[in-house]
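Student: fold the stuff below for me.
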Amino acid sequence: MTADQTIPVSVVQEIRDRCLCFATQRAARLLARRFDRAFAALGLTNGQFSLMVALAGMGAPRLGRLAEILMMDQTTLTAAVKALRARGWVERRPDPDDRRARRVALTPSGLAVVGRAVPIWRAETAALRDSLGAERADALLALLHLAGPVPPAATSATTSATATTSATA
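Tutor: Numbering: from 1, shown residues only. Have a look, this model is predicted:
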């Protein structure tokens, strides 16, 4: 195809209507905007919330492991962590097992923000489920989980450490 040629409208419409990637990306952007609006009063984005919730469940993972769990490239994750560090919500720590590696963890103020965000997330999720219908929402979630493995749940040691930190915040 040369620069002066165009893609037929029928092909554009086919991709718009049948491409799973296109539809998923569009839906993800719409949902992201919805949750960004919900979290705006906290000065938090949905992406930051997701990252911070993952940290709350993982304790202090290496950046590479966190990137795997969140399905993010490490460069994007590093930039996101930098923004959270600037807000005082995340800290970087040396890895006791490898001086070259760094671990990231929520600070007490980061845990407090997540604690304030969870009820907002619950309310927005309930409203979204209501608008979709519970059965369709469950079916959609099940389909999305087929795209890749769901990250493992936090270990009891991680959860209790997080709860202890949260209780002191």
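Student: all contacts plus neighbour counts: C-alpha atoms, from now on.
Tutor: Will do.
Student: ok, the closest residue to Val81 other than its chain neighbours - contacts?
Tutor: Using CA to CA, 6 or more residues apart in numbering and skipping the chain neighbours, the partner closest in space to Val81 is Val90 (7.0 Å). Shown in contact with Val90 (CA atoms under 8 Å, 6 or more residues apart in numbering): Val81, Leu84, Val104, Ala105, Leu106, Thr107, Gly110.
Student: which of the residues you listed ranks first by neighbour count?
Tutor: Among these, Leu106 has the most neighbours (other CA atoms under 10 Å), with 29 neighbours.
Student: so it is in contact with Glu91, correct?
Tutor: Yes: with contact defined as CA atoms under 8 Å, Leu106 counts as touching Glu91 (6.3 Å).
Student: if we can go back for a sec, is the residue nearest to Val81 in a bridge, and if so with what?
Tutor: For Val90, the beta-bridge partners are Leu106 (DSSP bridges).
Student: any stretches of this structure with poor pLDDT?
Tutor: Residues of the chain that meet the criterion pLDDT under 70 lie in 1-3, 150-169.
Student: helices along that one, start to end?
Tutor: Assigned by DSSP state H, the chain shows helices spanning 9-18, 20-39, 46-58, 63-70, 74-86, 108-132, 134-146, 156-168.
Student: any idea which of those helices gets closest to Asp95?
Tutor: Smallest distance to Asp95 across the helices of the chain (CA to CA): 10.4 Å, for helix 63-70.
Student: if we can go back for a sec, most packed of the helices of the chain?
Tutor: The highest average neighbour count among these, using mean count of other CA atoms under 10 Å, belongs to helix 46-58 at a mean of 20.
Student: from Gln25, how far off is Thr107?
Tutor: To Gln25, Thr107 is 32 Å away according to CA to CA, to the nearest Å.
Student: one more: Ala40?
Tutor: 22 Å.
Student: again with Asn46
Tutor: Asn46 is 15 Å from Gln25, by CA to CA.
Student: next: Arg100.
Tutor: For Arg100, the distance to Gln25 - CA to CA - is 35 Å.
Student: go on, Ala105?
Tutor: Distance check for Ala105 against Gln25: by CA to CA, it reads 29 Å.
Student: then Pro94?
Tutor: With distances taken as CA to CA, Pro94 is found 35 Å from Gln25.
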